[in-house]
Each structure stands twice: as C-alpha cells, then as structure tokens.
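> Below: sequence and its predicted model.
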Amino acid sequence: MVILGNMKIAISLNEVLRDFIGQFGYTYEKYIGEIDFKKNPVNSFDLEKHFKFNSIDEMNKFLYDEAALEIFGHADQIEDNIMNAFNMFLMDIKDDEEHEVEIVSREAVKSIPSTFFFLSKLSCRIDKIRFVMDYEDYWDGVDVLITANPKALEAKPKDKLAIKIKSTYNESSSADFELDSLKDFISDETLREKILNTKITTYEEIED
C-alpha cells in the first residue's frame with residue numbers, strides 16, 4: 001500500500017491532547033491515597049501496577065464510573081495551547097480539502113459523556129469522533145493513527161501508518177514515526193508531508 005493523496009487520519013486523546021495520567025494521579029490522591037510519580041513514574045501501560053487497587057475491576061469502576069467526570073472531563077490539555085493549534089490545523093485541512101481527520105478514543109460508560117465535556121470545555125472543533133472498546137478498532141477505516149497508546153500501536157495492521165507521541169509508558173513501543181508532541185505534526189507542514197507521503201511496503205510486495 002502506498003500512503004499518498006488524501007487520507008483518513010485518526011488522533012487519540014490520552015497523552016496526545018489530554019493529560020490523562022496526570023489527572024488520574026490527581027484524582028487518585030484526592031480520594032484514595034498518596035502517589036509519587038517522581039519516585040514511581042508510570043513507565044508501563046499496566047496501570048494497576050502504578051495505581052493500587054484491589055483488582056482491575058475496582059480500578060475500572062473508579063475510572064469509568066465513580067470518578068469518570070473528574071478524570072476524563074476535568075483533565076487539562078497535555079500542553080499549553082495544543083487545542084488551539086489543533087483547531088487551526090483542522091481549519092487548514094478543511095480549507096485545503098486535504099485529508100480527513102477524526103478523534104478516536106477508548107472509552108466506556110461515564111467516560112464517554114465526560115470526554116465530550118473535555119472536548120467542549122476546550123472548544124475543540126473536530127466534527128468526527130469515534131469511541132471504541134478494542135485496541136484493534138482504533139485502526140478501522142483509517143490510514144494513519146497518531147497515538148500514545150502502546151496497545152493500539154501493537155495492533156497496527158501492516159498496511160497502515162503509526163505515529164507515536166512519546167510518553168513515559170510507551171518507550172518500548174515501535175511505530176513508523178516518533179514525535180515528542182502532536183504540535184510537531186500539525187505545525188510543521190514539511191514534516192507532515194514527509195510522513196504522509198511515506199510508502200508502506202508489505203511483505204507481499206517484497207516477495208513479488
């Protein structure tokens with residue numbers, strides 16, 4: 001598959017636009033107990049190793065039911081003014097009739113309306129939002145995924161393009177490109193075009 005021309009680009013939220021880990025830690029300390037990210041950084045996506053709960057079910061209940069609004073809705077943007085930069089990018093893409101952009105996020109129960117609140121409070125202008133449960137579904141119908149989620153990166157089909165936004169919990173995850181920030185992609189047109197004009201060579205093409 002050759003990644004050229006107009007494409008569908010999916011962008012995930014956590015650690016790309018939304019400070020999920022920071023807000024999870026803040027909310028955990030508020031209701032459960034102290035946590036020290038400096039001594040014990042969240043360096044893996046197995047969150048139950050970093051946030052002490054009696055079970056994964058108990059953690060998920062806290063995340064997606066009991067404290068969903070505080071964690072997913074009241075979280076801050078991952079860096080100053082990134083949503084403004086993202087909105088400008090969306091306007092430029094629309095004006096140029098170039099590519100299609102959507103937000104994709106793994107959400108459940110009360111984190112769904114909480115995520116709508118997060119996007120609303122920051123005046124996000126995206127007009128396509130897709131919620132999924134399975135990590136493979138991040139890739140449905142898209143050519144490019146920009147994400148910090150290591151499990152979504154692991155699920156990458158061989159004919160798609162993965163752009164990893166670096167995070168403390170995805171250092172060992174591989175991707176076609178690695179960026180420090182989404183701003184690198186949306187603000188640097190030369191870099192963006194270089195990435196989006198990458199040829200993805202499959203094993204079948206090599207064998208032919």
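Arrived safely, thanks for sending.
> Check the gap between Ile112 and Asn14 for me.
14 Å (CB to CB, to the nearest Å). To be clear about C-beta, it is placed using only N, CA and C from the backbone, and glycine gets the same treatment.
> tally of neighbours for the closest residue to Lys128 other than its chain neighbours?
In space, and not counting its chain neighbours, Lys128 is closest to Glu102: 3.8 Å by CB to CB, 6 or more residues apart in numbering. By other CB atoms under 10 Å, 15 other residues sit near Glu102.
> now Glu102, what's its secondary structure?
When classified by DSSP: H, G, I helix; E, B strand; the rest coil, Glu102 comes out as strand.
> ok, it touching Cys124?
No. Between Glu102 and Cys124 there is no contact under CB atoms under 8 Å: 11.9 Å.
> any idea which helix or strand of the chain has the worst average confidence?
Every helix and strand in the chain was compared by mean pLDDT, DSSP states H and E; the lowest is helix 203-207, with a mean of 38.
> ranges for the helices of the protein?
In the chain, the helices defined using DSSP state H lie at 20-31, 56-61, 68, 82-95, 111-121, 150-154, 182-187, 189-196, 203-207.
> Adding mean neighbour count and distance to Asn43, write the ones you listed out as TSV.
Converted to TSV, those look like this (neighbours: other CB atoms under 10 Å; distance: least, CB to CB, whole Å):
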stretch	mean neighbour count	distance to Asn43
helix 20-31	18	11
helix 56-61	13	18
helix 68	23	25
helix 82-95	16	23
helix 111-121	18	23
helix 150-154	19	11
helix 182-187	19	21
helix 189-196	14	26
helix 203-207	8	32
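> CSV for the ones you listed, including distance to Lys49?
Putting the helices of the chain into CSV (distance: least, CB to CB, whole Å) gives the following:
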stretch, distance to Lys49
helix 20-31, 13
helix 56-61, 11
helix 68, 21
helix 82-95, 28
helix 111-121, 21
helix 150-154, 14
helix 182-187, 27
helix 189-196, 33
helix 203-207, 35
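> I appreciate the help and will end here.
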